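Student: Give me coordinates for this.
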Amino acid sequence: MKASIIKKYGDIDQFEVTDIDKPVLKKDEVLVQNVATSINPIDYKARQGLLQSMFDWQFPVVLGWDVAGKIVALGDQVTNFKIGDEVFARPDIDPVGHNGSYAEYTAVKEDKLALKPGNISFEEAAAVPLAGLTALQMLRQLNLAAGQKILIQGGAGGVGIFAIQLAKMFGAVVATTTSENNTEFVKSLGADIVIDYHKNTITEVLSDYDAVLDTVNDIEGGISILKTGGSFVTIAGTLTKEQKEMSDKHIMTGWLQPSGKDLSFLAKEIENNNLKIVIDSSYPLTIAGIKSAQKRSETHHARGKVIVKIK
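Tutor: Okay, the predicted model is just below:
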């Protein structure tokens, strides 16, 4: 199968597009023929070698953690899906690094799969799993409730776009940070208060917030606006010992847990037109395409998700 691989850690020039073996299915897995995938910050962090302490990968490595395509083979123990089903998923991270989604085929455990909503394309479906699941699970980790005030730092990014919409669905008052160019955009997603981070710091505008979701590594700023007993979670930075041990606030690091059940929840909301999917740009599965997609993601200025078309 065709795949984009890296043979060592480094910059975007490490990417190659070549033929490798298809994944060998385990009993609880399906083989998905990918139509599209997407780029996430974890992709280029992994490429740069920043995740070596977490994963003992063996080169060549196939990156990518968003799957959207059709099932073409089933493991012996799979019962809830059939060949031909259109699905999407955020698979488990392969311990050896060979089963990424920058490839024509990816093996996915049955419990990480969900049926693709019928009212969206494969490209749109590829924009959902990692970012959408992260947003949903982080809001749950914050115990966000109706009537509470939440700041979502980085509202125009992949996670921020879903987090704003989900927080409004849960009945929260939502503030977010973005650039002036994206002010009307994040308002269209439901943001009640928008702070242009080029003009104001959040501490100049906000105080006594119940919750903060940090997607941009502004930990000190986010913590400073919390009320006593408030909750903060970061998916972008590293907490200090002192921050973790604060007695009057709940300060946490968040990490996505792949879940077909949670993805099915998002799928239902998409089918009911309660969640918008925003695509920034799309690129082909070629060396030039992968390099351009990664460069676009690394600018931190993409509005929505950067997509790679596989098929």
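Student: Just the element for the spatially most central residue of the chain, please.
Tutor: The residue lying closest to the centre of the chain (CA atoms, centre = their mean) is residue 131, at 2.3 Å. Secondary structure from DSSP states H and E places residue 131 in helix 129-141.
Student: Can you give the distance of that helix from its chain's centre?
Tutor: Its chain's average C-alpha position is 8 Å from that of helix 129-141, according to CA atoms, centre = their mean, to the nearest Å.
Student: Show me what that helix is in contact with.
Tutor: Residues outside helix 129-141 that contact it (CB atoms under 8 Å, 6 or more residues apart in numbering) are 38, 40, 42, 65-68, 88-90, 150, 158-163, 166-167, 170, 213, 231, 233, 235, 252, 254, 256-259, 262-263, 265-266, 275, 305. The C-beta positions use only the backbone N, C-alpha and C, and glycine is treated the same way.
Student: List only those of the residues you listed flagged as buried.
Tutor: Using 16 or more other CB atoms under 10 Å as the burial test, these include 38, 40, 42, 65-68, 88-90, 150, 158-163, 166-167, 170, 213, 231, 233, 235, 252, 254, 256, 258-259, 262-263, 265-266, 275, 305 as buried.
Student: Mind checking which of these are in helices?
Tutor: 42, 158-163, 166-167, 262-263, 265-266 (DSSP state H).
Student: Using a markdown table, please lay out those residues together with distance to residue 114 and pLDDT.
Tutor: Below are those laid out as a markdown table (distance: CB to CB, whole Å; pLDDT from 0 to 100):
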| residue | distance to residue 114 | pLDDT |
| --- | --- | --- |
| 42 | 20 | 93 |
| 158 | 18 | 95 |
| 159 | 18 | 97 |
| 160 | 22 | 97 |
| 161 | 19 | 98 |
| 162 | 15 | 98 |
| 163 | 19 | 98 |
| 166 | 16 | 98 |
| 167 | 22 | 98 |
| 262 | 9 | 98 |
| 263 | 4 | 98 |
| 265 | 9 | 98 |
| 266 | 8 | 98 |
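Student: Just the residues contacting the least confident helix or strand in the chain by mean pLDDT, thanks.
Tutor: Ranked by mean pLDDT, DSSP states H and E, the weakest helix or strand in the chain is helix 41-47, scoring a mean of 94. Residues outside helix 41-47 that contact it (CB under 8 Å, 6+ apart) are 6, 9-12, 14, 51, 55, 61, 63-65, 130, 236, 294, 297-298.
Student: Just checking the distance from stretch 156-176 to the centre of its chain.
Tutor: On the basis of CA atoms, centre = their mean, stretch 156-176 sits 14 Å off its chain's mean C-alpha point.
Student: Give me the distance between the two termini of it.
Tutor: End-to-end span of stretch 156-176 (CA to CA, to the nearest Å): 9 Å.
Student: now do stretch 190-202
Tutor: By CA to CA, the extent of stretch 190-202 from end to end equals 19 Å.
Student: could you give me the average pLDDT of that stretch?
Tutor: Confidence for stretch 190-202, expressed as mean pLDDT, is 96.
Student: same question, stretch 274-293
Tutor: The model assigns stretch 274-293 a mean pLDDT of 97.
Student: For that stretch, list every residue counted as buried.
Tutor: Those buried within stretch 274-293 under the rule 16+ other CB under 10 Å are 275, 277-280, 282-283, 285, 289-293.
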